[in-house]
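In: The amino acid sequence is not available; the structure is as follows:
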């Protein structure tokens, strides 16, 4: 069963001088239920815009998105969605717990239920003991974990992640990646993960979608048939990463030609 | 820790006052004792409270007016670049015109009454509010709004929980700034055209060449200002900005 189907999606922005900037140029792909799909592409290729569209922050210019065989429209996703951004984007004047309950508060849940969910996911990202801290009292990695807890606490069917570990140091990022895999395996969510880090994409996902430079099109899909939990030093992952790197070079050549 | 330098500064000022009062004659600089005696007499007679009340009343109403007009201008200027261009020069002009001009104009237009005073205060103080609110609206973090939208937070909650808290520091700054301006313009209006209030009393005692009473009214005025700052604005500020980090883990 396909969870999300994206067909011929285009997106352009109208610039201040009236010119059009084409960001996505006819993108087609699909995501299976429970799949961990990474979208990999050069910086500034429209990957973030794609996530913003799926999250209802931006409109599409043309094309369609089907979610569970239903046409997706902005403002009415028809499914629960969690978003982890490149920066934590926490509300600094709320405690960590209140940040996690923030997306729950308008969903008609009781205070107890909100508190229970917040605690459950704060435990999952190992932030127990920091519930009453303010975000600015935490390190960058902890803030990002709080942002992940916030996205998970609404128990999303689909989790969007936009380079969530790119602002962390490599050691912290590695720990977070391993935790993300653990959480994903525990909860079975569909994850769409955007990154420009090839090895990160290979290490994390079932499948990678390589997209071209702006305006983004699907260039190739690569499956990663390596079981979880994965080891950072696994040669099979390196082989796939090398293959993807070559793909990138080929893509750039064809783009230059 | 924070109280000590503050306390020192008050003590130094007081000591300077005492020493200088021995140097100059009481007509020029009376010492603290006769001045505080005069403060006490004014308050005990009920006269002091009446005039203070009149001034506070005008200041607070004028401040309210300035906050309403200033927020309106500031929000429009922050949201739309057309609004910014349209109002910017007027706000700047408003800020440069001497307060006494507004005082005279409103007194001529509205007569020697409280409304004139309130309007003069509102008009004088609003540019300061507008400028702070303008900056506050411009500094709203659009990324947080996108975050809230992605979680499908309804518009009303978005404004209450994401937008307003971000503008609180600017509202506080605007209030403080406008309050300072309001006191100054209030006394000016009272001095020119009112028959009550601290400005009127200052003018009255100026006419009688009583330095002691002029200083006494200044002290009373200052005490009210400090009261408002430390009993109202400061505790509120501490409460709403408690999240500003003190420790990093």
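Out: Nice, thanks for sending it over. Note that this is a predicted model, so its numbers are computed, not measured. Numbering: from 1, shown residues only, chains lettered A, B, ... in the order given.
In: From here on, just use CA atoms for contacts and neighbour counts.
Out: Fine.
In: which residue ranges form the strands in the chain?
Out: By default, I'm working from chain A. Listed in chain order, the strands of chain A (DSSP state E) span A:2-14, A:20-32, A:36-40, A:62-67, A:70-71, A:81-84, A:158-162, A:190-195, A:207-211, A:218-223.
In: ok, the residue nearest the centre of chain A - contacts?
Out: Closest residue to the average C-alpha location of chain A: residue A:161 at 1.7 Å, with CA atoms, centre = their mean. If you count contacts by CA atoms under 8 Å, 6 or more residues apart in numbering or on different chains, residue A:161 has them with A:83-86, A:191-194.
In: any weak-confidence spans in the stretch 151-257 of chain A?
Out: Low-confidence segments of the stretch 151-257 of chain A (pLDDT under 70): A:256-257.
In: Local confidence estimate at residue B:9?
Out: On the pLDDT scale, residue B:9 is placed at 88.
In: show me what contacts it?
Out: Residues in contact with residue B:9, defined by CA under 8 Å, 6+ apart, are absent; none qualify.
In: Please, which helix or strand holds it?
Out: Taking DSSP states H and E as the criterion, the element that holds residue B:9 is helix B:3-23.
In: quick revisit: what's the farthest-apart pair in the contacts of residue A:161?
Out: Taking CA to CA as the measure, the contacts of residue A:161 reach their widest spread between A:86 and A:191, a distance of 15.2 Å.
In: Spatially, what comes nearest to residue A:197 if we skip its sequence neighbours?
Out: Among residues not flanking residue A:197 along the chain, residue A:40 sits closest, at 7.4 Å (CA to CA, 6 or more residues apart in numbering or on different chains).
In: Tell me who's in contact with the one you found.
Out: Residue A:40 makes contacts with A:47, A:194-198, A:201, A:208-211, as judged by CA under 8 Å, 6+ apart.
In: Show me what the strand or helix carrying residue B:169 is packed against.
Out: Counting by DSSP H and E, the element that carries residue B:169 is helix B:164-193. Judged by 3 or more CA pairs under 8 Å, 6 or more residues apart in numbering or on different chains; DSSP states H and E, helix B:164-193 is in contact with helix B:47-79, helix B:99-110, helix B:114-138, helix B:198-207.
In: now the contacts of residue A:40 as JSON lines including neighbour count?
Out: Formatted as JSON lines, the entries for the contacts of residue A:40 read as follows, by neighbours: other CA atoms under 10 Å in any protein chain shown:
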{"residue": "A:47", "neighbour count": "27"}
{"residue": "A:194", "neighbour count": "25"}
{"residue": "A:195", "neighbour count": "24"}
{"residue": "A:196", "neighbour count": "20"}
{"residue": "A:197", "neighbour count": "15"}
{"residue": "A:198", "neighbour count": "20"}
{"residue": "A:201", "neighbour count": "24"}
{"residue": "A:208", "neighbour count": "24"}
{"residue": "A:209", "neighbour count": "21"}
{"residue": "A:210", "neighbour count": "24"}
{"residue": "A:211", "neighbour count": "24"}
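In: just to revisit the earlier point, pick the most deeply packed of the helices and strands packed on helix B:164-193.
Out: Per residue and on average, the most neighbours among these fall to helix B:114-138, with a mean of 26 (mean count of other CA atoms under 10 Å in any protein chain shown).
In: That one to helix B:47-79, inter-axis angle?
Out: Between helix B:114-138 and helix B:47-79, the angle formed by their directions is 40 degrees, by axes from the mean of the first three to the mean of the last three CA atoms, to 10 degrees.
In: Chain neighbours aside, what residue packs nearest to the residue nearest the centre of chain B?
Out: By CA atoms, centre = their mean, the mean C-alpha position of chain B lies nearest to residue B:179, the distance being 1.1 Å. Ranked by CA to CA, 6+ apart and with sequence neighbours excluded, the top spatial neighbour of residue B:179 is residue B:63, at 6.4 Å.
In: Pull the contacting residues for that neighbour.
Out: Shown here is residue B:63, whose contacts under the criterion CA under 8 Å, 6+ apart are B:121-122, B:125, B:175, B:178-179, B:182.
In: For those, work out which two are farthest apart.
Out: For the contacts of residue B:63, the maximum inter-member distance is 13.2 Å, found between B:121 and B:175 (CA to CA).
In: what sits against residue B:17?
Out: Applying CA under 8 Å, 6+ apart, one finds that residue B:17 lies in contact with B:31-32.
In: ok, so what distance separates it from residue B:11?
Out: Noted for residue B:17: a distance of 10 Å to residue B:11, by CA to CA, to the nearest Å.
In: Quick check: neighbours shared by the two?
Out: For the pair residue B:17 and residue B:11, no residue contacts each of them under the criterion CA under 8 Å, 6+ apart.
In: hang on, the earlier thing: orientation of the helix holding residue B:169 relative to helix B:47-79 in degrees?
Out: Using the same axes, to 10 degrees: helix B:164-193 against helix B:47-79 is 130 degrees.
In: Which positions within helix B:164-193 qualify as buried?
Out: By 16 or more other CA atoms under 10 Å in any protein chain shown, the buried positions in helix B:164-193 come out as B:165-179, B:181-193.
In: Output the contacting helices and strands for the longest helix seen in chain A.
Out: Using DSSP state H to assign secondary structure, the helix with the most residues in chain A is helix A:235-256. If contacts are counted by 3+ CA pairs under 8 Å, 6+ apart, helix A:235-256 sits against helix A:198-204.
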